[in-house]
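Visitor: this is a predicted model, with the sequence first.
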Amino acid sequence: MVKISVLQHAPSTHLPARPGDPTPTSRNLDPLMHPFARARERTRALNAVKMERIFAKPFIAALEGHVDAVETMARKPGTLNVVASGSWDGGMIVHDISLRRHILRVDEAHKGKISGVCFADEDRLLTCGVDRNVKLWDTREVDENGAGPSDVRKPLNVFPGKSAFNSIDHHRTDPIFATASNIVQIWDETKSAPISNLSFPTSIETISAIKFNLSESSVLASIGSDRTFTLYDIRTGKAERRIVMQMRSNALSWSPTFPTTILLASEDHNLYTFDIRSLKTPSQIYKAHVAAVMSCDWSPTGHQFVSGGWDRTVRIWQEGRGTAPEVYHTKRMQRVTSTLFTSDAKYVLSGSDDGNIRIWKARAHEKLGILDSRERAAIEYRESLKQKWKTDAQVNKISRSDFLSLFASVYIVADRQLSSLSRTRHIPKPVHKAGQLKRTMLEAQRVKEERRRKHTRAGESKPTAEKRKVVIAEQS
Amino acid sequence: MDSLIAKADSLRPVSKRRKLDNGSSSKPKPSGSDDHTLHSINQHTAVPKSLRPTSPPPENAKSYSHIQNPKLRQKLTRESAHAARAKALVQDAELLLQEDAGGMQVEGEMEKTWRVGQDEVVKASGQEAAKGRKEWTLDGGPYRSRYTRNGRHLAVVGKKGHVATFDWQTGTLHSELQLQETCRDITFLHDHSHYAVAQKKYVFIYDRDGVELHRLKSHIEPTRLEFLPYHWLLASVGNTGYLKYQDTSTGQLVVEHRTKLGACTTMAQNHHNAVIHLGHQNGTVTLWTPNLPHPAVQLLAHLGPVVGLSVDPSTGGRYMATSGQDGLVKVWDCRNWKGAVRTWQARGGVGEVEWSQRGALAVASGGSVNVYTKPSIQTPFAPVTPPPLYLTHPIPHRPLTSLRFCPFNDILTIGHNAGLSSILVPGSGEPNFDSSEADPFENKKQRREREVKSLLDKIQPDMISVDPDFVGSLAPEPKLSTAVTENAKNEIPFARLPRYERLRVQGKADETEMMSADEAENAEGDDDEKKTKGKEEKEKRKMRGKNKSLKRYLRKQRKNVIDPRAVAVREKLAKQREEREKRRKAEAQGGEGERKPSALDRFKRAS
């Protein structure tokens, strides 16, 4: 007797039990049931990176109000949306960036340019200007005297100084702050004269910016016009270390997560991170700007930072990756004089010569607003696909993501016309041209150096590492 | 300042920076409990759900504990754990397969499955399955048929121009046309909502209701049609001998290949790599992809026209069956074309051949259809005798023009002069379908969803190749080398070299990982050159051994005095050397089994 069984699907198990129920699905993970799984996944990855580029619309809004260039910005600690800014005409504005309105606006806060703003605590704001004054303001919409946001506000306190101030920073916990002019001065909020002066012996220079360390709050760093970077300790009242660099720095910022890392925005178009335990060489050089870098700020996560340059672009860098930052630009944005990350690391602010503060997304393709769970799952799936296929030449070409050099050449090249070094991202023509010119000049320099080396006695002149060229002298 | 530095040192000491360790350090790794950073944040944070391990890492995952770079090590370990876990989960998922395949089993040696007739099969099968046995008596034959990918819908076309598409399970007729001209083939496109008919002069595309949508004028006198579902390509071949690919999503004619082998009436696709197989009048079989202007493979299969061609879907397209006018049926191994795996003579002339999803081969020969099953037809067998027959079914209406297995069902549909007949072939259909690929029970909404999804996942036509796994695998080795050799030292300036080469020139490259691979190679290679080279290197290394001071001591003691201490040291050294030798020999014999997995293994070439 032959046993016979014939395959049959019972419709009851494969059809919804009641009308309106979802149809039951069945899975068979046998790879033979899923032909071209890899090729299809690659197509999906390709679509994901294309979508990323399609939805890369980083610009959100411009905050108006300043008449002249926005020199400086500071975020209010403990909030996501309050930012104070000072401009060249002496105007000071406290913005609510989520509602895009002014919480406080003082047009004549200082005579001449406001060179620094910082929050003292929750509600009080310190500004300093070239009019040799430091002023303390109440930033609440209606202050104790009943003066509203648009009324003529009077400062709570005025600290007169002897010379024009360039920068100000408040101590993290104590009621003291530091100012930078031709020397570094430490002030007590309750006293009208500085409590101490700090300067490196034998230095006569203008200090252009100072910042307190975020972790060890009595350590202070400054940069000066003598191409110097100096470290002070306010407890000893002394300058501890100093380095002289090839070019002067324009801005500095301490890493929020790693206490000894500091970021310097240099006049030589580069940014440098230093580990202050070994100041001989920078730990990383960040090269992409085609003009002087004017400002920089760390993301609160410590994984990214933003920089604004004289080349009218804002760039967002990954920590430790010295090239290929995200570039933001608009037609009307002029020289970027100040940049800031918001406290949630989601947005970037840039203040420029045209008097506007612009709000950008930190990740250009991110969708704002509430996501439902299915959409979030789709986004996460796309992200992981991008991560998985980033070494594919075509995917990489579109996303211009990580390591171009090593892995891209190893993996299969699907399209023949790929040139792995072609940068497909659009940047303004002047920036592009300046970059070309810069590259030509550097190439010529390199060739010259190499020829010179070829014609000297063997071993006489050795090439110096780029990192070794940055610091000229280390003093302590 | 000091406290700041101390704080930073506890996170990451400055000496750790850019440290090139040579893998000989044996100091204990700091365990997780000593991690200051972790401690400082652990109290305030919770690891996101997505980062939490769902289960402890599986035991068979590769371990990379010997890799120095902690980031790389962590990444590799995580990846290998993920891969092992995924593998285990896939194995678990097999338990979830609900349905069992059909089949026929004999009890004694004297019983034969081929003696079982269709009446018995129908009697033994369930009510649903018995619906599959059908006879459609139609005029205007001979008929050809085609199922959709989910096996739900059937399209039939008669030579005289009768076209019908219908849901064979419910018996719903979608469209019926009398085209009143010669029709040679029919195929559904991505699903049952469109179908293409190869008519007298051109290919026409109709929608589900039978409304003519397109006349593809570039396909002239087509004889056979195939649709590649993942690439959305409609391939046709005709009396002119041109193979043409039309993209049905964009409407473009992607490419046309001149076969130079005359009119062609036999065509099949490999479902696993989308290669089109053509059988020609002179007995050759050619394999085509859109990106090659010539056949990827060309073989002389028969001494006479090729009449039937099919590729086995159950083995990932590894086997191909052909039948020729010379009366032979041959099964070929697609990885190795040197001769057929099995050849047999079919009695009474041979027609089409067709593989089912689970690897049953149907052969139309003379007035009957014979079905053979898997292991015997694919095992190499020299004598020209037919493999054991599984099932046979006589049909009195010659010629038998088409054979089609219904996906996910045990049904074989035979087209012949008097219409079509469906017979039950137990064990031919895949029992478990995947709803994400093809679902026989899908509703309208799911069908639409699938259409959009598959359009988004459409693979570009130039990705078709004989080996479908080339996507995402290693590229062939570049011909242009940047490696620095002795004589070509000054050709490429230092600054132009890739980073790794520069590091190697400077002697700073971390070659700890490469070294192990080299050693393995050395152990394997028997070339004299290699040996001498190895010896040279060894000589070189000898000078700077670890035991330099010991050797110096021995050298200084080299006198005619028998110092017990020196003798002891010499003995110790000899012992060490012996041990080393032994270990190396064991390694050479054991091959690469003992070698630790390396991060660079993924770039290892197969050859």
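Guide: That came through, no problem.

Visitor: A:A251 touches A:M294, doesn't it?
Guide: Yes - judged on C-beta atoms under 8 Å, A:A251 makes contact with A:M294 at a distance of 6.6 Å. C-betas here are computed from N, CA, C, even on glycine.

Visitor: need the residues touching each of these two.
Guide: Residues touching both A:A251 and A:M294 (C-beta atoms under 8 Å, 6 or more residues apart in numbering or on different chains): A:A265.

Visitor: give me the low-pLDDT residue ranges for chain A?
Guide: A:146, A:150-151, A:401-424 (pLDDT under 70).

Visitor: what about the residue nearest to the spatial centre of it, which SS state?
Guide: Residue closest to the average C-alpha location in chain A (C-alpha atoms, centre = their mean): A:V306, at 1.3 Å. The three-state label given to A:V306 by DSSP: H, G, I helix; E, B strand; the rest coil is strand.

Visitor: let me see the contact set for it.
Guide: Contacts of A:V306 by C-beta under 8 Å, 6+ apart are A:296-297, A:299, A:314-317, A:339-341, A:348, A:350, A:362.

Visitor: and what of B:A88?
Guide: Taking C-beta under 8 Å, 6+ apart as the test, what B:A88 contacts is B:P58.

Visitor: now do the SS call for it.
Guide: Using three-state DSSP, the structure places B:A88 in helix.

Visitor: could you check how far it is from B:A81?
Guide: B:A88 sits 11 Å away from B:A81, going by C-beta to C-beta, to the nearest Å.

Visitor: shared neighbours of those two, anything?
Guide: Counting by C-beta under 8 Å, 6+ apart, the residues touching both B:A88 and B:A81 are B:P58.

Visitor: just say helix, strand or coil for the closest residue to B:L4 other than its chain neighbours.
Guide: Distances taken as C-beta to C-beta, 6 or more residues apart in numbering or on different chains place A:E216 nearest to B:L4, at 3.7 Å, with adjacent residues excluded. Per three-state DSSP, the local secondary structure of A:E216 is coil.

Visitor: quick check: A:E216 touching B:A6?
Guide: No - using C-beta under 8 Å as the test, A:E216 is too far from B:A6 to be in contact (9.4 Å).

Visitor: so which of these two has more stuff around it?
Guide: A:E216 (21 against 10; other C-beta atoms under 10 Å in any protein chain shown).

Visitor: which ones are touching the more buried one?
Guide: A:259, B:1, B:3-4, B:7.

Visitor: again, but for A:G148
Guide: Neighbour list for A:G148: A:141-142 [criterion: C-beta under 8 Å, 6+ apart].

Visitor: same thing but 6 Å
Guide: Contact analysis of A:G148 by C-beta atoms under 6 Å, 6 or more residues apart in numbering or on different chains lists A:V142.

Visitor: how far away is it from A:H110?
Guide: From A:G148 to A:H110 the distance is 21 Å (C-beta to C-beta).

Visitor: stretch B:286-296 spans what distance, first to last residue?
Guide: 7 Å (C-alpha to C-alpha, to the nearest Å).

Visitor: coming back round to it: out of the contacts of A:V306, which end up buried?
Guide: A:296-297, A:299, A:314-317, A:339-341, A:348, A:350, A:362 (16 or more other C-beta atoms under 10 Å in any protein chain shown).

Visitor: nearest residue to B:D9 in space, please, no chain neighbours.
Guide: A:R277 is the one closest to B:D9 (C-beta to C-beta, 6+ apart), at 7.5 Å.

Visitor: B:P431 too?
Guide: B:E99 (4.0 Å).

Visitor: now do the contacts for residue 242.
Guide: I went with chain A, as the question did not name one. Listed by C-beta under 6 Å, 6+ apart, the contact partners of A:R242 are A:200, A:228, A:230, A:475.

Visitor: wait, chain B was what I had in mind.
Guide: Applying C-beta under 6 Å, 6+ apart, the residues near B:Y242 are B:256, B:258.

Visitor: give me the element the closest residue to B:L233 other than its chain neighbours is part of.
Guide: The shortest distance from B:L233 to any non-neighbouring residue, by C-beta to C-beta, 6+ apart, is to B:Y245 (4.9 Å). In this assignment (DSSP states H and E), B:Y245 forms part of strand B:242-247.

Visitor: check B:V329 too.
Guide: With DSSP H and E as the test, B:V329 turns up in strand B:328-333.

Visitor: I'd like the next helix or strand past that strand.
Guide: According to DSSP H and E, the helix or strand after strand B:328-333 is strand B:342-345.

Visitor: go through that following strand and flag the buried ones.
Guide: By 16+ other C-beta under 10 Å, the buried positions in strand B:342-345 come out as B:342-344.

Visitor: and what of stretch B:120-139?
Guide: For stretch B:120-139, burial by neighbour count (16+ other C-beta under 10 Å) applies to B:121-122, B:124-125, B:129-134, B:136, B:138.

Visitor: list of residues touching it?
Guide: A:4, A:6, A:8, B:409, B:411, B:418-422, B:424.

Visitor: do the same with stretch A:469-476
Guide: So stretch A:469-476 is contacted by A:241-246, A:279, A:282 (C-beta under 6 Å, 6+ apart).

Visitor: pull the CA atoms of it into CSV?
Guide: Only the C-alpha atoms of stretch A:469-476 are listed here, as CSV (Å, rounded to 0.1, in the frame of the first residue of the first chain):
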residue,chain,number,x,y,z
LYS,A,469,54.8,71.9,12.8
VAL,A,470,52.0,73.4,14.8
VAL,A,471,53.7,74.2,18.1
ILE,A,472,56.8,76.4,18.0
ALA,A,473,57.7,76.6,21.7
GLU,A,474,56.4,75.1,25.0
GLN,A,475,57.0,77.2,28.1
SER,A,476,56.1,76.7,31.7
